[in-house]
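J.: No letters, just coordinates:
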């Protein structure tokens, strides 16, 4: 059974550091219609991971269609001219493969893990979905109910509800990420089939997508299949990056206090985070890991393991982003007097980094652990596909996925001190105090 996915705050984690290299060759071509085809030969079993990455997500929505990118992900499974109705799921069941999809602020990704012998069938199906989707009002009505149920189910979990409740306070008006991916139920229930097709026609095309194929395949054979099924699609889009994005480093969040129906207190530290293209990105990624979120981070060791003042730290958001976004970390504690000690300790440790950097041993151990973890993941086709796709999407070069470890190894103590002062100073970092209702 296919399970629908959606990327919400803190539910997708991109590994902070990538391994130096993998032992599988990767190559690419770009078809005349602009579709890039990335192939990684990994011949240890007879399966293949096939992914189609569209450069669209909730960042492309406008008022009145909030939630369209995610709902449209659902619609892509509901039939085309060649494969009507539930033909996608029926073919997947016959093949014995697995399929899924997810929507984030920046991207929508459809992925299948199937026997190599079924790759041509999946190419046929995915190319048909790219060019010949059918959206009827009847099908739309059914999928709107599914999305509405997803939204309602999310509020049954206290932490997911907290994420949903606080999100509207994080971004200034006009920012591409100002509305959470799930959107607004009040707008979703009013979507029309023509609105869905408008979104499809505006963002789904070969030159606004790329495909990644990882598995027991031959590169030239994959190229031939891609040309046969995707190369005939002539649709082209004129896509421009949004301009005049509101600055986050000078924007204030819209509240400093929230209540929850759960017996804990949370200090939610929020700070602006640069886009992946920024020269600060990798240094801030490393900093947040060694300071907050790693199991052996400075503050986790002090506040959780040593002083027992907090239960743990939870990172917020998908740090890899196309535009600057709001990042942060939740420090979850017992709801009791004296938690001001936690705020004091956090400011002390941040100031230490501003003054002296991070002990080099902590940095080195963090990189070694992350590199080893990533090497282990390199045995998985989907992990390799994800790394290639993320590097291609955000860095415009899938080969960078093999070299990201070097980005972290060249970070100096001066870099760490600089980004700490820039993003986590008392003037920049913001706090939401989240307490039980009673």
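T.: The structure has been received and is ready for your questions. These figures come from a predicted structure and were not determined experimentally.

J.: Show me where the stretch 1-150 of the chain has its strands.
T.: 26-30, 36-41, 47-54, 98-103, 108-115 (DSSP state E, counting those that start in this stretch).

J.: What strands line up against the second one, and which way round?
T.: Each strand that pairs with strand 36-41, with its direction, by DSSP bridges: strand 26-30 (antiparallel), strand 209-215 (parallel).

J.: The closest residue to residue 95 other than its chain neighbours: how many residues sit nearby?
T.: Excluding the flanking residues, the one nearest residue 95 by C-beta to C-beta, 6 or more residues apart in numbering is residue 118, at 4.4 Å. All C-beta atoms are positioned from the backbone trio N, CA, C, and that covers glycine. When counting by other C-beta atoms under 10 Å, one arrives at 20 neighbours for residue 118.

J.: how far away is residue 118 from residue 26?
T.: 22 Å (C-beta to C-beta, to the nearest Å).

J.: right, and the residue nearest to residue 95 touches residue 99 too?
T.: No. Using C-beta atoms under 8 Å, residue 118 is not in contact with residue 99; the gap is 11.0 Å.

J.: circling back: among the strands paired with strand 36-41, which comes closest to residue 357?
T.: strand 26-30 (35.7 Å; C-beta to C-beta).

J.: got the buried residues for the closest one?
T.: Under the neighbour-count criterion of 16 or more other C-beta atoms under 10 Å, strand 26-30 has 26, 28 buried.

J.: same question, stretch 255-271
T.: 260, 262, 264-271.

J.: ditto for stretch 427-435
T.: Taking 16+ other C-beta under 10 Å as the criterion, stretch 427-435 shows 429-432, 434-435 as buried.

J.: Average pLDDT for it, rounded please.
T.: The average pLDDT within stretch 427-435 is 96.

J.: can you list contacts of that stretch?
T.: 162, 166, 169, 249, 252-253, 255-260, 265-272, 330, 335, 343, 350, 422-423 (C-beta atoms under 8 Å, 6 or more residues apart in numbering).

J.: again with stretch 43-56
T.: So stretch 43-56 is contacted by 69, 106-117, 119, 122-123, 126, 130, 203-204, 208-217, 239, 379, 381-382, 384-385, 389, 392-393 (C-beta under 8 Å, 6+ apart).

J.: go with 6 Å
T.: For stretch 43-56, the surrounding residues in contact (C-beta atoms under 6 Å, 6 or more residues apart in numbering) are 108-113, 115-116, 119, 122, 126, 203, 208-217, 381-382, 385, 389.

J.: tell me the helices in the stretch 1-150 of the chain, going along the chain?
T.: 68-75, 87-95, 119-131, 137-154 (DSSP state H, counting those that start in this stretch).

J.: For these, state which one has the densest average packing.
T.: helix 68-75 (a mean of 25; mean count of other C-beta atoms under 10 Å).

J.: lowest average confidence, helix or strand, in the protein?
T.: Ranking every helix and strand in the chain by mean pLDDT, DSSP states H and E puts helix 137-154 at the bottom, with a mean of 85.

J.: what's the offset of that helix from the middle of its chain?
T.: 22 Å (C-alpha atoms, centre = their mean, to the nearest Å).

J.: outside of the following helix or strand past it, which residues touch it?
T.: As assigned by DSSP states H and E, the chain's next helix or strand after helix 137-154 is helix 158-166. Residues from elsewhere that reach helix 158-166 (C-beta under 6 Å, 6+ apart): 9, 154-155, 258, 260, 262.

J.: Those into TSV, with extra columns for distance to residue 319?
T.: Below are these laid out as TSV (distance: C-beta to C-beta, whole Å):
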residue	distance to residue 319
9	11
154	22
155	25
258	22
260	24
262	26
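
J.: With respect to residue 285, which of the residues you listed is nearest?
T.: Using C-beta to C-beta, residue 9 comes nearest to residue 285 of those, at 17.3 Å.

J.: Do you know the pLDDT at the closest one?
T.: So residue 9 comes in at 35 (pLDDT).

J.: Residue 393 now?
T.: Predicted confidence (pLDDT) for residue 393: 97.

J.: Look at it and say how many residues are nearby.
T.: 19.

J.: Mind picking the two most distant members of the buried residues of stretch 255-271?
T.: 262 and 271 (24.3 Å).

J.: Which of the contacts of stretch 43-56 are buried? Put it as a ChimeraX command.
T.: Entered in ChimeraX, the line below selects the buried ones among those, by 16+ other C-beta under 10 Å:
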select :108,109,110,111,112,113,115,116,119,122,126,203,208,209,210,211,212,213,214,215,216,217,381,382,385,389
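
J.: show me the contacts for the residue lying closest to residue 174 once chain neighbours are set aside.
T.: Distances taken as C-beta to C-beta, 6+ apart place residue 246 nearest to residue 174, at 5.2 Å, with adjacent residues excluded. Neighbour list for residue 246: 172, 174-175 [criterion: C-beta under 6 Å, 6+ apart].

J.: who wins for neighbours among the residues you listed?
T.: Among the contacts of residue 246, residue 175 has the most neighbours (other C-beta under 10 Å), with 20 neighbours.

J.: From residue 59, how far off is that one?
T.: Distance from residue 175 to residue 59, by C-beta to C-beta: 9 Å.

J.: Please identify the residue most distant from the middle of the chain.
T.: No residue in the chain sits farther from the centre than residue 337, which is 36.5 Å out by C-alpha atoms, centre = their mean.

J.: Give me the phi and psi for that residue.
T.: With angles defined as degrees, to the nearest 10, residue 337 sits at phi -60, psi 150.

J.: can I get the strands paired with strand 36-41 in a markdown table with mean pLDDT and distance to residue 53?
T.: Shown next, in a markdown table, are those (pLDDT from 0 to 100; distance: least, C-beta to C-beta, whole Å):
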| stretch | mean pLDDT | distance to residue 53 |
| --- | --- | --- |
| strand 26-30 | 97 | 13 |
| strand 209-215 | 98 | 5 |
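
J.: can I get the ones you listed in CSV with distance to residue 184?
T.: Formatted as CSV, those follow (distance: least, C-beta to C-beta, whole Å):
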stretch, distance to residue 184
strand 26-30, 37
strand 209-215, 27
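
J.: Which one of the ones you listed lies nearest to residue 371?
T.: So among these, strand 26-30 is nearest, using C-beta to C-beta, at 19.0 Å.

J.: Residue 394 and residue 274 touch, don't they?
T.: No. Counting by C-beta atoms under 6 Å, residue 394 sits too far from residue 274 to count as a contact (11.8 Å).

J.: More neighbours: the two, which one.
T.: residue 274 (24 against 19).

J.: Give me the distance between the more buried one and residue 284.
T.: Residue 274 sits 7 Å away from residue 284, taking C-beta to C-beta as the criterion.

J.: Likewise for residue 293?
T.: Distance from residue 293 to residue 284, by C-beta to C-beta: 12 Å.

J.: Tell me which of the two has more neighbours.
T.: residue 284 (24 against 18).

J.: helix, strand or coil for that one?
T.: The three-state label given to residue 284 by DSSP: H, G, I helix; E, B strand; the rest coil is helix.
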